[in-house]
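Chemist: Structure here, sequence nowhere to be found:
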């Protein structure tokens, strides 16, 4: 590794590139040309001696080495900022950063969304990447398999529920099973989403026939289509149905576990502990159809366990 070529300017530029994973947008934020950014990233890659990103068609993704470099760059920037603030006798005022998906922000973390907290909206993969690279202090996501390089703090497990118009025949039942969905026209996420994959697997295992009414991305749009009587939707139990709709737990579908995520070496960081406290309070106040007994703020489990 040629450490003489590991410049702080290239590191700072790579951190911005890691935010966007797009050379055009990153170069625009840095106010430099796209070729100039390509040169900075190439020289940094040569200095590290490992590829920092991969290309999958039109999509770019950080490699594990790229995540490490982005995390180091942000940590270095934070240290320099804190050092300069200390030299000038000023307090460091960096805002905490929280990453989560649309559903978590809408139905689980409403009380955490307030002035002074920066937000990153992304799916499970983007949330994990934001935490791993240091872009987010804390992330919130549904995890079935816990990562070994990130501390995962259990928050709550919610049942999966069927949302339907309040005059639907199934609304008369206090709870449902997969068999009750036989012949249903369901509003489902796109085919590659983890919720869609898990739902299809469960219904196939239960030999339940069903049809796709419409594919919709995000709980709000799915609920909108239910209200229009396009079909029924299976959503997480923390999702509050609007007036005119009701939700019933599907007892033989697995619960959906939400976790708060942060880097292991930041367990005592005030930015992390402050966000965790606010997130726990928000989860405790979230209304739910039925919540598993284990969700009353359980103690953190070691990362890598299931």
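Modeler: Looks like it arrived, so ask away. All values derive from a computational prediction rather than experimental measurement. Numbering: from 1, shown residues only.
Chemist: and the lengthiest helix in the chain, which residues are buried?
Modeler: Longest helix in the chain, counting residues (DSSP state H): helix 64-87. Of all the residues in helix 64-87, those buried under the rule 16 or more other Cβ atoms under 10 Å are 66-74, 77. No exception for glycine: its C-beta is placed from N, CA and C like everyone else's.
Chemist: Need the contact partners of that helix.
Modeler: 8, 11-12, 14-15, 18, 44, 48, 50-53, 62, 91-92, 94, 129, 132-135, 263 (Cβ atoms under 8 Å, 6 or more residues apart in numbering).
Chemist: just to revisit the earlier point, which of the buried residues of helix 64-87 sits closest to residue 23?
Modeler: For the buried residues of helix 64-87, the closest approach to residue 23 (Cβ to Cβ) belongs to residue 66, at 13.8 Å.
Chemist: how far away is the closest one from residue 14?
Modeler: 8 Å (Cβ to Cβ, to the nearest Å).
Chemist: before we move on, back to that, of the contacts of helix 64-87, which belong to strands?
Modeler: 53, 62 (DSSP state E).
Chemist: Ends of stretch 175-194, what's the gap?
Modeler: End-to-end distance for stretch 175-194, by Cα to Cα, to the nearest Å: 24 Å.
Chemist: what's downstream of the least confident helix or strand in the chain by mean pLDDT, the next helix or strand?
Modeler: Here the helix or strand of the chain ranked lowest by mean pLDDT, DSSP states H and E is helix 64-87, holding a mean of 80. For helix 64-87, the following helix or strand on the C-terminal side (DSSP states H and E) is strand 97-100.
Chemist: Centre of the chain to the helix or strand just after that next one, how far?
Modeler: The C-terminal neighbour of strand 97-100 among helices and strands, as given by DSSP H and E, is helix 102-107. Computed by Cα atoms, centre = their mean, to the nearest Å, the chain-centroid distance of helix 102-107 equals 10 Å.
Chemist: Could you chop the chain up by domain?
Modeler: As given by the TED database, the domain ranges for the chain are 8-88, 97-156+256-285, 160-249.
Chemist: Surely residue 242 and residue 223 touch.
Modeler: Yes. Counting by Cβ atoms under 8 Å, residue 242 does reach residue 223; the two are 6.2 Å apart.
Chemist: the more surrounded of those two?
Modeler: Legend: neighbour count by other Cβ atoms under 10 Å for residue 242 and residue 223, higher for residue 223 (21 against 11).
Chemist: which residues in the stretch 151-300 of the chain form helices?
Modeler: 194-205, 219-227, 270-284 (DSSP state H, counting those that start in this stretch).
Chemist: what's the angle between the first one and helix 219-227?
Modeler: The directions of helix 194-205 and helix 219-227 differ by 50 degrees, with axes from the mean of the first three to the mean of the last three Cα atoms, to 10 degrees as the criterion.
Chemist: remind me which residues of the stretch 51-200 of the chain are low pLDDT?
Modeler: For the stretch 51-200 of the chain, the stretches flagged by pLDDT under 70 are 82, 85, 88, 90-93.
Chemist: Kindly recompute the last result at 90.
Modeler: Across the stretch 51-200 of the chain, the ranges flagged by pLDDT under 90 are 56-59, 67-68, 70-95, 110-111, 113-116, 122-126, 134-135, 143-146, 191-195.
Chemist: so residue 120, which of the three states?
Modeler: Three-state assignment for residue 120 (DSSP: H, G, I helix; E, B strand; the rest coil): strand.
Chemist: what about it, how many neighbours?
Modeler: Neighbours around residue 120, by other Cβ under 10 Å: 17.
Chemist: any idea how far it is from residue 215?
Modeler: 25 Å.
Chemist: Could you do residue 191 as well?
Modeler: Counting by Cβ to Cβ, the gap from residue 191 to residue 215 is 8 Å.
Chemist: When the two are compared, which one has more neighbours?
Modeler: Each of residue 191 and residue 215 has its neighbours counted (other Cβ under 10 Å); residue 215 has more, 16 against 10.
Chemist: I'd say the more buried one and residue 190 touch.
Modeler: Yes. Taking Cβ under 8 Å as the definition, residue 215 is a contact partner of residue 190 at 5.4 Å.
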